[in-house]
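1. Need a 3D model of the following:
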Amino acid sequence: MKSQNSFKKSLLPALISVLVLPICAQGAYGATTLEEIVVTARKRQESIQDVPVAVTALSPGQLERGSITSSLDLAKLAPNVQLHETAIGSESLSASIRGLSYDDIEKSIEPTVGVSIDGVFLASNSGGVFDMFDVESVEVLRGPQGTLFGRNTIGGVISVNRTQPTGEWGGKVEVTSGDENMTDVKAILNMPLGANGGIKIAVKDKQSDSHVYNTTLKMHRPMKDSETFTLSAKYNFTDNTSAQFTYDSYDHNTTAADNVFVATGFLASIGFGDGAIASEKNDWKTSPQLNPLTATLEGDNYTAKVTHTGENYEIKYIMGIMDYEEEVHESSWGINGVFFPVDRNQEFKQTSHEVQFISDFDGPMNVVAGVYMMEADSWITSGPAVQFTADHNVETTAVFGEINYDLSDVWSLTVGARYTEEDKDLDSRSWVTGSSNVPRLSNSRDPSLLLNAGTPSFSDDNISYRVVLQREFELGMMYASYSTGFRSGGFFNRGSTDSELAPFQSEEVESMEIGMRSNPTDNSQLNLTYFMADYSDKQTTIITAGNDPVCGKSNEFVAGVTCSFVRNAGEVSMEGLELEYVLMPTEELTLRATVGTLDTDIDEFNYNGVDISNKAHMLYAPELTAYFGAEHTSDLGGGTLTINAGWSYKDDMYTQADWSTYDPATGPETVIESYESLDLSATYLKDMGAGTLKVRLYGTDILEEGNRVSRRYDAGAFAWAELAARRQFGVTVGFEF
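-> Alright, predicted model coming up:
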């Protein structure tokens, strides 16, 4: 830890000196001008430098030339953002922004970070890991976004918009080959639809093997087998009215990289943790896991968007349907035997409708207003170690609006609010451990084996606010804002006893920001944000051993090996500083730097009447994140060669544990140690007459061999660690016409 503190102390002064130097030398680099990035952080198109929101945005050029190939890669660039994939679900994103996190896949609990794809919000973490091939814009909004974006955005929003049909003949194809026998084939075809429309077809197919060597099977397992198909049609009925319909079909079959079992106490004494000890000694490259952890996500999405533009306003209607099935099968958890088998089937469907009115008045006032409705139904059955079925329904309705008023030529005021109503119902049935796990209906099981049944309901409403005072100055603008966010309460689907099924209440966050967006010179950009937040009624996931008294059953073989709770246990205060800097010394060279600091203090953590705030930790909340990047473009052989280098750093961070009983001296490791990553890529583009040839060589985390721990999970009765690959190389060949 001493070396890490020394590193942090030396990093920040060095960074500040590097950034201040160009500011003090305005004009020293000539007439180079930065590319303007347009964002929709306030539902309207605006320059990122005019928006009083902490937002990181990537241009299409950055996506084309850089190393951002997956939504997971966004965490390298954006300060105070942590993203990882959970092995227990296929394409499932666990996101944390400014220490507000949710690291699970249950559909009955709202994420803390909202993910929006083409304007449709995902109601769960499933499907949040996606490819960046067919993407037009990416924005990462930090801090509560409850007024314009919704209830499950207390940490922030990841907003992605894919490319629209062009209405002309054209296409793009890319083939990537990389380490672990990875092949990734992607293609887009655009074609006209009459004189006023277009059709786009996109396909992707990815295959790869695991980066973890299995010492029991003496092989690397197959890992990714993912296929997606997209059909999108857009038609302009008039010059002012258009409609777009998009259909997505996906089939993700993932055999997760083998875990390592982290054992303590008796389990460690009989050798259950030997695989983890051996794996750590050889850079986490091995696991003895006997049976694979398989996760599938298969389904269809439907998106419809109608846009009408008037003389000084725009009206949008967005409809989204996600309908998919998931399966998870796991029985080894990183050991060379069978332990705590889980076979889980899940069905999920969400339907949402949103209407937006966005003004473009000539006067001092403009408004954004709208209505949002969403219904989601999920069903889950699981066994045989813990037998339960659960049907869950949520209905939400919200009305929102925001007014922006220019007080003068330099001062403006923004006031916004969102009213939300939530209704949730749960029908849960738990069964004696070891009874048959059947595929659908609770009443298909033997009624005599029924252990517990519950049909709780939950309702709540909330008003979230945002107030922003903004002032323009010669080189940019400054703002101060106050905002609140809301995350609905409800139930934990995995509960199997009365105490587990007890509803938890909604949580809220109040956040204050002071920010500056500036262009010190034509070729530099400096954005600073200071934030301070209070987190109340914090929802905390607690996984205990099945015989823990809080489960309500003294026998773990009746209650199950584990019990799962969500409690309103915490009051947390947070503050931090975020810096984003861009400099173009020449037209060929662009330098980027981001730094995020985060200080979290758990003021209260009430666990069964006992304050354990001195023992508890915030999850995925590193004190320091940093990124330094450079991009250089030059002419070569009649084309252009772009070299990208990016170095990122993540400080130590805590993961899941039951802090009421956790003992750092004897308990499983719950810390992901700090790590650095250096990515390099070289992209060559050449006009071939009929189209553009693309060749890209890349290497990620090139300085480090082996793997690293990306996620730790303490399930009370046992714990495991998930492993991410480090050094990876590959080549992409593509053609666009």
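
2. now the stretch 501-650 of the chain, which segments are flagged as low pLDDT?
-> 545-547, 552-562 (pLDDT under 70).

3. what about 80?
-> 541-565, 607-608 (pLDDT under 80).

4. Same check on the chain?
-> Judged by pLDDT under 80, the stretches of the chain that qualify are 1-32, 60-67, 151-152, 264-271, 385-386, 431-451, 495-499, 541-565, 607-608, 716-717.

5. what residue is smack in the middle of it?
-> Closest to where the C-alpha atoms of the chain average out (CA atoms, centre = their mean) is Ala95, at 3.8 Å.

6. May I have the beta-bridge partners of that one?
-> Beta-bridge pairing of Ala95 under DSSP bridges involves Leu83, Tyr102.

7. quick one: contacts for it?
-> Counting by CB atoms under 8 Å, 6 or more residues apart in numbering, Ala95 makes contact with 81-83, 101-102, 111-113, 115, 125, 128, 155, 158. Every residue, glycine included, has its C-beta placed from N, CA and C.

8. Now render those as TSV, adding distance to Ala276.
-> Formatted as TSV, the contacts of Ala95 follow (distance: CB to CB, whole Å):
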residue	distance to Ala276
Val81	28
Gln82	23
Leu83	24
Ser101	24
Tyr102	26
Pro111	29
Thr112	29
Val113	30
Val115	32
Asn125	26
Gly128	28
Gly155	31
Ile158	32
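
9. Could you list every helix and strand that the biggest strand by length in the chain packs against?
-> What stands out as the longest strand in the chain, according to DSSP state E, is strand 562-586. Other elements packing on strand 562-586 under the criterion 3 or more CB pairs under 8 Å, 6 or more residues apart in numbering; DSSP states H and E are helix 2-23, helix 498-501, strand 524-545, strand 589-607.

10. how does it look with 6 Å?
-> strand 524-545, strand 589-607 (3 or more CB pairs under 6 Å, 6 or more residues apart in numbering; DSSP states H and E).

11. Adjacent strands (with direction) for it?
-> Strand pairing (DSSP bridges) places strand 562-586 next to strand 524-545 (antiparallel), strand 589-607 (antiparallel).

12. correct me, but Ser332 touches Leu293?
-> No - using CB atoms under 6 Å, Ser332 makes no contact with Leu293, being 7.7 Å away.

13. quick one on the thing from earlier: ok, now how distant is the residue nearest to the centre of the chain from Ser108?
-> 18 Å (CB to CB, to the nearest Å).

14. same question, Glu705
-> 41 Å.

15. neighbour-wise, which of these two wins?
-> The residue with more neighbours, out of Glu705 and Ser108, is Ser108; 24 against 11, by other CB atoms under 10 Å.

16. And the more buried one, its phi and psi?
-> Main-chain torsions, Ser108, degrees, to the nearest 10: phi -80, psi -10.

17. ok, now the one 10 residues further on?
-> The main-chain torsion angles of Asp118 are listed as degrees, to the nearest 10 and equal phi 60, psi 30.

18. ok, it to Val203 distance?
-> Taking CB to CB, one finds Asp118 at 18 Å from Val203.

19. One more: Thr642?
-> 26 Å.

20. Then Glu578?
-> To Val203, Glu578 is 38 Å away according to CB to CB.

21. thinking again about what came up before, how far off centre is the longest strand of the chain?
-> Relative to its parent chain, strand 562-586 has a centroid offset of 13 Å by CA atoms, centre = their mean, to the nearest Å.

22. Also stretch 165-176?
-> Going by CA atoms, centre = their mean, the spacing between the C-alpha centre of stretch 165-176 and its chain's C-alpha centre is 27 Å.

23. Equivalent analysis for stretch 662-673, please.
-> Distance, stretch centre to chain centre, for stretch 662-673: 25 Å (CA atoms, centre = their mean).

24. please begin residue numbering at 34 from this point
-> Noted, 34 is the first residue going forward, which turns the last one into stretch 695-706.

25. How far does that stretch stretch from one end to the other?
-> Start-to-end span of stretch 695-706 (CA to CA, to the nearest Å) is 18 Å.

26. And for it, what's in contact with it?
-> Applying CB atoms under 6 Å, 6 or more residues apart in numbering, the contact partners of stretch 695-706 are 295, 297, 685-688, 690, 742, 745, 747, 752.

27. repeat that for 7 Å
-> 295, 297, 648, 685-688, 690, 742, 745, 747, 752 (CB atoms under 7 Å, 6 or more residues apart in numbering).

28. among those residues, which ones are buried?
-> Buried members of the contacts of stretch 695-706, counted by 16 or more other CB atoms under 10 Å: 295, 297, 648, 686-688, 690, 742, 745, 747, 752.

29. Farthest pair within the contacts of stretch 695-706?
-> Largest separation among these by CB to CB: Lys648 and Val742, giving 21.9 Å.

30. which ones are touching Trp317?
-> 739-742, 756.

31. Among those, list the two that are farthest apart in space.
-> Gly739 and Val742 (10.9 Å).

32. contacting residues for the nearest residue to Pro374 once chain neighbours are set aside?
-> Leaving aside its sequence neighbours, Pro374 sits nearest to Ser364 (CB to CB, 6 or more residues apart in numbering; 3.8 Å). Neighbouring residues of Ser364 by CB under 7 Å, 6+ apart: 324, 371, 374-375.

33. Of those residues, which is the nearest to Val465?
-> The closest of the contacts of Ser364 to Val465 turns out to be Pro374 (CB to CB; 15.5 Å).

34. from what I can see the closest one touches Gly416, true?
-> No - in terms of CB atoms under 7 Å, Pro374 does not count as a neighbour of Gly416; the distance is 8.2 Å.

35. Which one's more surrounded, these two?
-> Shown here are Pro374 and Gly416; by other CB under 10 Å, Gly416 has more neighbours (23 against 16).
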